[in-house]
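S.K.: please find the sequence and the predicted model below.
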Amino acid sequence: MANKNTKRMKDVRGAIDPENEYDLVAAVKMIKDAATAKFDETVEVAMNLNVDPRHADQMVRGVVQLPNGTGKAVRVAVFAKDAKADEARAAGADLVGAEDLAEKIQQGEIDFDRCIATPDMMAVVGRLGKVLGPRGLMPNPKLGTVTPDVATAIAAQKGGQVEFRVEKAGVIHAGVGKASFSEDALEANVRAFVDAVQRAKPSGAKGTYIRKIAVSSTMGAGVKIDIASSGS
């Protein structure tokens, strides 16, 4: 099996010129053609930005609603009480609670992908910063995850909302769909993601903001994209 997989990867990489930048349409087709694993591979976008996130005015962070969703089932936890807790359950939250939910998280029970909180629960959630923060799960009003409108927030998280944050080396990456998506759906999702990162350009960014964009699938090689072809 290992030899077969190695041969497949060599064939995949052989079809892609690592020095060439492809039009987005061509790149997406190459990614889909190369995604021959026995599971539905995730398609990911990686962007190299000309920023140094150690400086506050060069931090890049935000959210984007992908027009065709991510293809991933997202488990959402909501910190809420009383009527807001009922609203969250009705909207499809997977976990709902207050101090009881905080206690489970402190004990290491983190069986969710996104976390939402009503504003009045932030005193409780704030104590979980050391647990949720490193995992990128801390609710944040700027990202729409601290809100009294829990139903809308849950729908956004389950419907294809993706958070992004630049890493130390100036790289941003995120899953933007599945290999089973149509080419048009993947192209639209990539464009939406790139546009969102472009709009999040920080005041401290100088010179060329976006240096490189590449797309890949879970088991496939990365394909560089001509930046001009990736805009909406």
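M.R.: Nice, I can see it. Note that the structure is a prediction, hence the values are computed from the model and not measured.
S.K.: how about the strands in the chain?
M.R.: 42-49, 61-65, 76-79, 95-97, 114-117, 161-165, 171-178, 210-217, 223-225 (DSSP state E).
S.K.: tell me which of these approaches Tyr22 most closely.
M.R.: In terms of CB to CB, the element of the strands of the chain nearest to Tyr22 is strand 223-225, at 5.8 Å. Heads up, the C-betas are built off the backbone N, CA and C, glycines and all.
S.K.: name the residues that touch that closest one?
M.R.: 16, 18, 20-24, 27, 30-31, 190, 212-216 (CB atoms under 8 Å, 6 or more residues apart in numbering).
S.K.: so where's the longest helix in this protein?
M.R.: Using DSSP state H, we find that the single longest helix of the chain is helix 183-199.
S.K.: show me what it is packed up against.
M.R.: Using 3 or more CB pairs under 8 Å, 6 or more residues apart in numbering; DSSP states H and E, the elements in contact with helix 183-199 are helix 24-34, strand 42-49, strand 61-65, strand 161-165, strand 171-178, strand 210-217.
S.K.: could I get these as a markdown table with mean pLDDT?
M.R.: Converted to a markdown table, the helices and strands packed on helix 183-199 look like this (pLDDT from 0 to 100):
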| stretch | mean pLDDT |
| --- | --- |
| helix 24-34 | 92 |
| strand 42-49 | 95 |
| strand 61-65 | 90 |
| strand 161-165 | 89 |
| strand 171-178 | 94 |
| strand 210-217 | 94 |
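S.K.: need the ones you listed in CSV with distance to Arg199, can you?
M.R.: Formatted as CSV, these follow (distance: least, CB to CB, whole Å):
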stretch, distance to Arg199
helix 24-34, 18
strand 42-49, 13
strand 61-65, 8
strand 161-165, 11
strand 171-178, 13
strand 210-217, 12
